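# the following comprises the amino acid sequence and a computationally predicted model.
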Number of protein chains: 2
Amino acid sequence: MKIKLGLAIASEKALPSAFVVFRDKLSNSIRKVARLGYDGVELALLDSSQVDLPEVKSLLREYRLELPVISTGQVFADARLWLTHPDPEVRQKTVARLKSLIDLAGEFGAMVNIGRVRGPLDAHDPKASESHFIEGIRECGDYGRTRGVRIILEPVNRYELNFINGVMDGLEILRKIDHPQIFLMPDVFHMNIEDASIVGSLRAAKEAIAYIHFADSNRWAPGDGHLDFPGIINTLSEIGYNGFATLEILPYPDPDTAAARGIKYIRKLI
Amino acid sequence: MKIKLGLAIASEKALPSAFVVFRDKLSNSIRKVARLGYDGVELALLDSSQVDLPEVKSLLREYRLELPVISTGQVFADARLWLTHPDPEVRQKTVARLKSLIDLAGEFGAMVNIGRVRGPLDAHDPKASESHFIEGIRECGDYGRTRGVRIILEPVNRYELNFINGVMDGLEILRKIDHPQIFLMPDVFHMNIEDASIVGSLRAAKEAIAYIHFADSNRWAPGDGHLDFPGIINTLSEIGYNGFATLEILPYPDPDTAAARGIKYIRKLI
């Protein structure tokens, strides 16, 4: 099995709800991620202007790091843009923002994640929310296709959003979306709350998984909680997964310790 | 080991945030709980007027059910009263409301839980919040002592409150509260998110545990998620726990199925 290890980072301006271990100038964090021995870095971005393209390209080349994914939780949490929004103008702005991040991802051969930016389900009109979401993500998928960028849908637990919580929910909506550019990215922290069986859902989603987030049950580094990472990694191996597992973790007990402990623990299991 | 099984219920007026399987006239639910074979019923109350004392006493006698706990989440969620509130008048009203529930609990030999009603920690003045909380819960403890009612503190996960999330946090604050009438009530659903080791924390809290909530990892009935209930029950046995384990679960796939499935699954393990 060839699982590559990534670490999710954000710029120094990211809100606390960006669940990343490093929040600093991207160039500083990229250097630290490389020194810790990770294979890649995921950027949690608010907009594409946060990335100095020549600088980041040159750093990645210098440190032989990949940039597998640009994630978009800040577009939801900070810019207050989302795909299920009842106002068509906000939906349009959301898609425009995502397209600019897809352009950026195209520069790196990266994917773009759709997590909380899909937005909540309106309890009074869930069908409208779902159809706005499907329309928006398909537009992203079409656009991604022109840039060679895959779109990856991340189920998140009930407390963060009331829409697409478990991996099985993700699979169900993927069937409705039915788009060759759109895949699934499970996060085992969310799965611990939502999925009746973590390894069972990973097996069921086998064909759809293009990326995965690792955090332990308490969102600390893998090894600091009680998730069965040996079992999870065996299952990923069994289903032939060979992409990135990226640590999206809280900076506890402190950022450097968390980032170092996580890779040490997971490397032993791979 | 003698673990008794309870089921948490609320009146028909309870908010959706009362995580109970039955929300109906209490008399209807008590009959159903008895028929399902539970040993007791926990009442999630907004105020003591929701209980018709002679009726409930007579039903419990008729069905040989215990009433181990009155829980108070609705006092927080519906009445908007909590112990850490910056306004002393609100704090006073909270304690008054809790005292009236302690009076009611005294009628049944029940305990009173302090979950979300402790209130949030003020990020700008956490010391003040903690000291308001300690003062308030001690007053409840003193009052409970006069009625033979124990007060039980329930750690809840980070998404529901930012104060006392894990069982280890609960133990730490119990030491500060230092009151003979005040104990701990873990909830394994919350522990799955917060505690690095569920059985490790149960062992550490051995002396303090007076009650426990059971729900599976997805808050469905035990057996419907991936928590290791055989391991949890073995640990409770090992530490000599002989109180109630009460199912506080979501009504999925429907209330009757959830309540029946949960007791069937747990009875097999005890």
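Noted; the coordinates are in hand. Numbering: from 1, shown residues only, chains lettered A, B, ... in the order given.

# how about the residues of the stretch 101-250 of chain A near chain B?
Residues of the stretch 101-250 of chain A lying close to chain B by C-beta under 8 Å from any C-beta of the partner chain are A:157, A:159-160, A:166, A:192-198, A:216-218, A:220, A:224-226. Every C-beta, even on glycine, is put in place using the N, C-alpha and C of the backbone.

# how about 6 Å then?
Contact residues (C-beta under 6 Å from any C-beta of the partner chain) of the stretch 101-250 of chain A with chain B: A:159, A:196, A:197, A:225, A:226.

# among the residues you listed, which two are most distant?
Greatest spatial distance among those (C-beta to C-beta): A:159 and A:197, at 20.4 Å.

# ok, back up a step: so which of the residues of the stretch 101-250 of chain A next to chain B is surrounded by the most neighbours?
Using other C-beta atoms under 10 Å in any protein chain shown as the neighbour test, those are led by residue A:225, with 21 neighbours.

# name the nearest residue to it, ignoring sequence neighbours.
residue A:216 (3.1 Å; C-beta to C-beta, 6 or more residues apart in numbering or on different chains).

# wait, isn't that neighbour in contact with residue A:227?
Yes. Taking contacts as C-beta atoms under 6 Å, residue A:216 lies within contact range of residue A:227: 5.2 Å.

# count the residues that sit near residue A:233.
By other C-beta under 10 Å, 19 other residues sit near residue A:233.

# grab the nearest non-local neighbour of it.
Per C-beta to C-beta, 6+ apart, closest to residue A:233 is residue A:269, 5.0 Å.

# that neighbour and chain B: what is the separation?
Noted for residue A:269: a distance of 18 Å to chain B, by C-beta to the nearest C-beta, to the nearest Å.

# my guess is that residue contacts residue A:232, does it?
No. With contacts counted by C-beta under 6 Å, residue A:269 stays clear of residue A:232, the gap being 8.9 Å.

# contact partners for residue A:77?
For residue A:77, the contact set (C-beta atoms under 6 Å, 6 or more residues apart in numbering or on different chains) comprises A:15, A:17.

# for residue A:93, helix, strand, or coil?
Under DSSP: H, G, I helix; E, B strand; the rest coil, residue A:93 falls in the helix class.

# nearest residue to it in space, please, no chain neighbours.
With C-beta to C-beta, 6+ apart, the residue lying closest to residue A:93 is residue A:81, at 5.5 Å.

# the one you found and residue A:34, how far apart?
32 Å (C-beta to C-beta, to the nearest Å).

# name the residue in the two with the higher neighbour count.
residue A:81 (22 against 19).

# any chance of the backbone angles for the more buried one?
Per-residue torsions, residue A:81: phi -110, psi 140 (degrees, to the nearest 10).

# coming back round to it: and the residue nearest to residue A:93, what does it touch?
Contact analysis of residue A:81 by C-beta under 6 Å, 6+ apart lists A:75, A:93, A:94, A:97.

# out of these, who's the most crowded?
residue A:94 (27 neighbours).

# quick one: secondary structure of the closest residue to chain B within the stretch 101-250 of chain A?
Here the residue of the stretch 101-250 of chain A nearest chain B is residue A:159; by C-beta to the nearest C-beta that distance is 3.6 Å. Here residue A:159 is recorded as coil under three-state DSSP.

# list the contacts for it?
Per C-beta under 6 Å, 6+ apart, neighbours of residue A:159: residue B:159.

# got the phi/psi numbers for it?
Torsion angles, degrees, to the nearest 10, at residue A:159: phi -80, psi -20.

# which stretches in the stretch 1-150 of chain A count as strands?
A:4-10, A:22-23, A:40-44, A:69-71, A:111-114 (DSSP state E, counting those that start in this stretch).

# an error on my part: the question was meant for the stretch 151-270 of chain A.
Along the stretch 151-270 of chain A, counting by DSSP E, counting those that start in this stretch, strands occupy A:151-153, A:182-184, A:212-214, A:244-247.

# dump these into TSV; add distance to residue A:15 as well.
Listed next are the strands of the stretch 151-270 of chain A as TSV, based on distance: least, C-beta to C-beta, whole Å:
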stretch	distance to residue A:15
strand A:151-153	22
strand A:182-184	25
strand A:212-214	18
strand A:244-247	19
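
# save those strands as a markdown table, and put in mean pLDDT, mean neighbour count and distance to residue A:174 too.
Shown next, in a markdown table, are the strands of the stretch 151-270 of chain A (pLDDT from 0 to 100; neighbours: other C-beta atoms under 10 Å in any protein chain shown; distance: least, C-beta to C-beta, whole Å):
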| stretch | mean pLDDT | mean neighbour count | distance to residue A:174 |
| --- | --- | --- | --- |
| strand A:151-153 | 98 | 26 | 7 |
| strand A:182-184 | 98 | 22 | 6 |
| strand A:212-214 | 98 | 26 | 15 |
| strand A:244-247 | 98 | 24 | 19 |
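
# so what's residue A:4 closest to, chain neighbours aside?
Closest residue to residue A:4 apart from its sequence neighbours, by C-beta to C-beta, 6+ apart: residue A:39 at 4.0 Å.

# state the distance from the residue nearest to residue A:93 to residue A:256.
Per C-beta to C-beta, residue A:81 is found 33 Å from residue A:256.

# same question, residue A:209
For residue A:209 relative to residue A:256 (C-beta to C-beta), the value is 30 Å.

# nearest spatial neighbour of residue A:91, skipping sequence neighbours?
Closest to residue A:91 by C-beta to C-beta, 6+ apart is residue A:85, at 5.2 Å.

# burial check on the one you found, number of neighbours?
Residue A:85 has 21 neighbouring residues, counting by other C-beta under 10 Å.

# surely residue A:118 touches residue A:85?
No. Checked against C-beta under 6 Å, the pair residue A:118 and residue A:85 is beyond contact range at 10.2 Å.

# show me the helices in the stretch 101-250 of chain A, by range?
With helices called from DSSP state H, counting those that start in this stretch, the stretch 101-250 of chain A shows them at A:126-147, A:167-177, A:188-194, A:198-204, A:229-238.

# deepest-packed of these, please.
helix A:188-194 (a mean of 25; mean count of other C-beta atoms under 10 Å in any protein chain shown).

# contact partners of that one?
Counting by C-beta under 6 Å, 6+ apart, A:155, A:156, A:157, A:165, A:166, A:198, A:214, A:215, A:217, A:219 sit against helix A:188-194.

# how close does residue A:181 get to residue B:26?
54 Å.

# kindly apply the preceding question to residue A:84 instead.
Computed as C-beta to C-beta, the residue A:84 to residue B:26 distance reads 38 Å.

# these two: which is more packed in?
Shown here are residue A:84 and residue B:26; by other C-beta under 10 Å, residue A:84 has more neighbours (26 against 22).

# count the residues that sit near the closest residue to that one other than its chain neighbours.
Closest residue to residue A:84 apart from its sequence neighbours, by C-beta to C-beta, 6+ apart: residue A:119 at 3.5 Å. Other residues within reach of residue A:119, judged by other C-beta under 10 Å, total 25.

# wouldn't residue A:104 be in contact with residue A:49 here?
No. With contact taken as C-beta under 6 Å, residue A:104 and residue A:49 are classed as non-touching, separated by 9.5 Å.

# of those two, give the one with the bigger neighbour count.
residue A:104 (24 against 9).

# what residues does the more buried one make contact with?
Contacts of residue A:104 (C-beta under 6 Å, 6+ apart): residue A:48.

# distance of residue A:41 relative to residue A:71?
Where residue A:71 is concerned, residue A:41 sits at a distance of 11 Å (C-beta to C-beta).

# reformat the helices of the stretch 101-250 of chain A as CSV; add mean pLDDT.
Converted to CSV, those look like this (pLDDT from 0 to 100):
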stretch, mean pLDDT
helix A:126-147, 98
helix A:167-177, 98
helix A:188-194, 98
helix A:198-204, 98
helix A:229-238, 98
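
# these: which one's closest to residue B:262?
The nearest among the helices of the stretch 101-250 of chain A, by C-beta to C-beta, is helix A:188-194 at 18.3 Å.
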